[in-house]
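Peer 1: Dropping a prediction and its sequence here:
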Amino acid sequence: MDSAFDDPRRPENRLAYHAAIDRPRLTLPGGKHVAVWPVVNVEHWLIDHPMPRQILVPPTAASLLPDIPNWAWHEYGMRVGFWRFLEAFTSRGIRPTLSINGSVCTAYPRIAEAAHAAGWEFMAHGFHQVPTHRVTDQPGMIARTVATITEATGHPPRGWLGPGLTETLDTPDHLHEAGIEYVGDFVVDDRPCRVATRTGSLVALPYSVELNDIPLLAIQHHRADEFVDRALANLDRLAAEAAGSGPLAGAKVMGFAIHPYITGVPHRIGLLERLLDALLGRRDVAFMQGAEILDWYRATGDQS
């Protein structure tokens, strides 16, 4: 075998392969079948950088800075869309996980304060919305992010989601050394699993790239209803497997991800409200934050 494949930093070496049918059957509190993990992403887009996403391609497709229209597209979400999210969740008694760039705490303190007051869990999401590969000092960036969130909330974040789910081969080592306990970047299973680092193990939680408004609505350009239809179809299948006696039986986790500038707009906010109402109407699901899922999984003793 090529020695490069033996590198312990490679994802396939950090995450030992475990077939789903070989993993032990787990049980959620209260006999629930699926833990639903809502993740709201709030980000700080720097006007002097290329925008992370574009809704409007510039004339002649030239890359222009500053990119005012696409910056403003995202800024609408921070000024208006976030507050629709806050109302949708708080009015239903649901506390999601907030995936937050550390700099949001100082650039948009009103958002950080409101989310913290509502009991939302803060999951670190890098310092700015910049790919991890472009960060020259990862340990420094991670430490700055953790410190900023700690100052805003009174306690350090336990979870991490890379901007755009980006990591280098060394990122898990840096995260664990900084005190991070779980990550959302390794979307490989319907339940948590272990990620090896040089100082211990992280837990990978089932974030989603399928139930995620960026690929579904901004990239694939589905109608908004597809988000609700896909989420409920996904839940129906997971719940049936979890409750059954087949090889895939046992508790599952269903994460879904939304962004204020995409789902928080007037013509889409209704899809989130319909989804939350449908989920609340089921007796076989429990809404859980990332840290709650982490604590439950650790308590099961599962090491796979």
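Peer 2: That came through fine. Numbers count the residues shown, from 1 in each chain.

Peer 1: Name the nearest residue to Cys193, sequence neighbours excluded.
Peer 2: Ala204 (5.2 Å; Cβ to Cβ, 6 or more residues apart in numbering). C-beta here means a position set from N, CA and C on the backbone, and glycine is covered the same way.

Peer 1: mind listing what that neighbour touches?
Peer 2: Leu15, Tyr182, Val183, Gly184, Asp185, Phe186, Val188, Asp189, Pro192, Cys193, Arg194, Val195 (Cβ atoms under 8 Å, 6 or more residues apart in numbering).

Peer 1: Return the backbone torsion pair for it.
Peer 2: phi -90, psi 120 (degrees, to the nearest 10).

Peer 1: and the gap between the nearest residue to Gly126 once chain neighbours are set aside and Thr106?
Peer 2: Leaving aside its sequence neighbours, Gly126 sits nearest to Pro163 (Cβ to Cβ, 6+ apart; 4.2 Å). The gap separating Pro163 from Thr106 is 17 Å, by Cβ to Cβ, to the nearest Å.

Peer 1: my guess is the residue nearest to Gly126 meets Val135, correct?
Peer 2: No - at 9.2 Å, Pro163 does not count as touching Val135 under the criterion of Cβ atoms under 8 Å.

Peer 1: list residues touching both of the two?
Peer 2: Gly126.

Peer 1: Between the two, point out the one with more neighbours.
Peer 2: Taking other Cβ atoms under 10 Å, Pro163 and Val135 do not tie; Pro163 has more neighbours (23 against 20).

Peer 1: could you list every residue that touches that one?
Peer 2: Glu43, Pro52, Asn101, His125, Gly126, His128, Gln129, Val130, Pro131, Thr132.

Peer 1: could I get these as JSON lines with pLDDT and distance to Met141?
Peer 2: JSON lines is the format used below for those (pLDDT from 0 to 100; distance: Cβ to Cβ, whole Å):
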{"residue": "Glu43", "pLDDT": "98", "distance to Met141": "15"}
{"residue": "Pro52", "pLDDT": "91", "distance to Met141": "16"}
{"residue": "Asn101", "pLDDT": "98", "distance to Met141": "11"}
{"residue": "His125", "pLDDT": "98", "distance to Met141": "12"}
{"residue": "Gly126", "pLDDT": "98", "distance to Met141": "7"}
{"residue": "His128", "pLDDT": "97", "distance to Met141": "9"}
{"residue": "Gln129", "pLDDT": "97", "distance to Met141": "12"}
{"residue": "Val130", "pLDDT": "96", "distance to Met141": "9"}
{"residue": "Pro131", "pLDDT": "95", "distance to Met141": "11"}
{"residue": "Thr132", "pLDDT": "97", "distance to Met141": "8"}
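
Peer 1: which among those residues end up buried?
Peer 2: Glu43, Pro52, Asn101, His125, Gly126, His128, Gln129, Val130, Thr132 (16 or more other Cβ atoms under 10 Å).

Peer 1: Which of the residues you listed sits closest to Arg79?
Peer 2: Glu43 (13.4 Å; Cβ to Cβ).

Peer 1: Go ahead and confirm that closest one touches Phe127.
Peer 2: No - if you go by Cβ under 8 Å, Glu43 and Phe127 don't touch, sitting 10.6 Å apart.
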